[in-house]
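Engineer: quick one, structure for this:
(2 chains)
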Amino acid sequence: SQQGEEDPQALSIQEGENATMNCSYKTSINNLQWYRQNSGRGLVHLILIRSNEREKHSGRLRVTLDTSKKSSSLLITASRAADTASYFCATDVASGGSYIPTFGRGTSLIVHP
Amino acid sequence: DARVTQTPRDKVTEMGQEVTMRCQPILGHNTVFWYRQTMMQGLELLAYFRNRAPLDDSGMPKDRFSAEMPDATLATLKIQPSEPRDSAVYFCASGYGTGNGYTFGSGTRLTVV
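Structural biologist: Predicted coordinates:
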């Protein structure tokens, strides 16, 4: 089973609107990362938030982390057509002395021009 | 920008044939992952190396899959014999430590017929 699950599975919005994606996970984490994947391409790292952080910003991206609820959200403000992609959260879970990054199934975001 | 290089980009092979996928991680990165992505299962971790030592390959079918790092500039994933259910996109990713995010290659799209 997946450690992290994104919600919603799909999101369709108009250019200029904000997009919010959520990630829930099951076990304690070291940190949580968000990645973007354009169709047919590899994943691109967007932002990492550590377990002792609650909020982080990078350009039009805002990530929050609530360890008590085991959840994170990714907000993309003023979306653009170029933001169309799948977005994944990845949690670093302790396993056998190392941290194993596990991915959810992703949220497919479509931004209409 | 530094990048993770994967070869081949696409591979079509017949069932039963051996398949070798190669990855050149970013120079200086000490952590290398192999993931498999399918529509049904999403991103699955197959193998994980740190400083060229395998730390976790529990997600990899041992009877047919093998992963190695003969040196710091090359990671390989081998399937022998290949089966149609191995058809997927295989990604290599590298990073340094656990708090910095990971860089993905463009993937190898494998089709076993």
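Engineer: what's the burial count for A:Pro8?
Structural biologist: A:Pro8 sits with 12 neighbouring residues when counted by other C-beta atoms under 10 Å in any protein chain shown. From N, CA and C alone the C-beta is placed, and that goes for glycine too.
Engineer: name the residues that touch stretch B:2-19?
Structural biologist: Under the criterion C-beta atoms under 8 Å, 6 or more residues apart in numbering or on different chains, residues A:42, B:21-27, B:78-84, B:86, B:90-94, B:103-113 lie in contact with stretch B:2-19.
Engineer: could you rerun that using 7 Å?
Structural biologist: Outside stretch B:2-19, the residues within contact range by C-beta atoms under 7 Å, 6 or more residues apart in numbering or on different chains are B:21-26, B:78-84, B:92-94, B:103-113.
Engineer: just the buried ones from the residues you listed?
Structural biologist: Using 16 or more other C-beta atoms under 10 Å in any protein chain shown as the burial test, the contacts of stretch B:2-19 include B:21-26, B:79, B:82, B:92-94, B:103-110, B:112 as buried.
Engineer: what is the neighbour count of the nearest residue to B:Gly101 once chain neighbours are set aside?
Structural biologist: Nearest residue to B:Gly101, sequence neighbours excluded (C-beta to C-beta, 6 or more residues apart in numbering or on different chains): A:His45, at 3.8 Å. Taking other C-beta under 10 Å as the neighbour definition, A:His45 ends up with a count of 17.
Engineer: before we move on, what about B:Tyr96?
Structural biologist: Under the neighbour criterion other C-beta under 10 Å, B:Tyr96 is assigned a count of 15.
Engineer: can you give me the pLDDT of it?
Structural biologist: The pLDDT attached to B:Tyr96 in the predicted structure is 89.
Engineer: and if you look at B:Arg109?
Structural biologist: The per-residue pLDDT reported for B:Arg109 equals 98.
Engineer: how far away is it from B:Ala67?
Structural biologist: When C-beta to C-beta, to the nearest Å is applied, the distance between B:Arg109 and B:Ala67 equals 18 Å.
Engineer: about what we covered before: check which helix or strand covers the residue nearest to B:Gly101.
Structural biologist: Element membership of A:His45 [criterion: DSSP states H and E] is strand A:43-50.
Engineer: give me the residues contacting that strand.
Structural biologist: A:31-37, A:56, A:58, A:61, A:63, A:65, A:72, A:88, B:99, B:101-104.
Engineer: can you tell me which of those residues are in helices?
Structural biologist: Secondary structure defined by DSSP state H assigns none of the contacts of strand A:43-50 to helices.
Engineer: pull out the buried members of those residues.
Structural biologist: Listed as buried from those are A:31-37, A:56, A:61, A:63, A:65, A:72, A:88, B:101-104; burial here means 16+ other C-beta under 10 Å.
Engineer: A:Tyr87 against A:Trp34, yeah?
Structural biologist: Yes - the pair A:Tyr87 and A:Trp34 passes the contact test of C-beta atoms under 7 Å, sitting 6.4 Å apart.
Engineer: what lines up beside the helix or strand hosting B:Leu110 in the sheet?
Structural biologist: B:Leu110 is located in strand B:108-112, with elements delineated by DSSP H and E. Strand B:108-112 has the following strand partners under DSSP bridges: strand B:10-13 (parallel), strand B:88-95 (antiparallel).
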